[in-house]
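S.K.: Predicted model follows, preceded by the sequence.
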Amino acid sequence: MGLELTAVNGCIVEVTTPLVIGAPPSVVSIPSTVDKAEGQGVFSDKLDVIISGLTLGACVQSAPVNASISATAENDFSEDKKTVRKGDSESGISIDGMTTAVPPVACKFTVDIEITDPGQSSVKGS
């Protein structure tokens, strides 16, 4: 990755797996109170999210799943940890579900998530 925007409080994470529908994951990490970009706290090391309410075909997610996106920045740090940036992602997150059939049957699918909107609009130093 070249110059990428650092993820800050208010960033948006999306499920990028085709055909999966539902709400975007909820960010649960606490941003830095020391390092800020455009007035918002920066995320570093990893971004923790909760994934819930997804559907793939007739398979409906049955329980929330915790997941983390690890930082990939090589030269951008916050509080001595790599910063999390736009485009950072996690793949192959397992989702347990139940079908909408009667009677319901257990099902599984996997999803990928990505930071699609970092919550800021300018790269530091650019």
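M.R.: Arrived safely.

S.K.: Just say helix, strand or coil for residue 87.
M.R.: Three-state call for residue 87 (DSSP: H, G, I helix; E, B strand; the rest coil): coil.

S.K.: Hmm, it is touching residue 117, no?
M.R.: No: with contact defined as C-beta atoms under 8 Å, residue 87 does not count as touching residue 117 (10.8 Å). (Each C-beta comes from the backbone N, C-alpha and C, glycine too.)

S.K.: shared neighbours, the two?
M.R.: Shared contacts of residue 87 and residue 117, defined by C-beta atoms under 8 Å, 6 or more residues apart in numbering, are absent.

S.K.: Point out where this protein drops to low pLDDT.
M.R.: The model of the chain has pLDDT under 70 over residues 1-3, 123-126.

S.K.: again, only this time at 80
M.R.: Along the chain, segments meeting pLDDT under 80 span 1-3, 122-126.

S.K.: Please enumerate the helices of it.
M.R.: Read by DSSP state H, the chain holds no helices at all.
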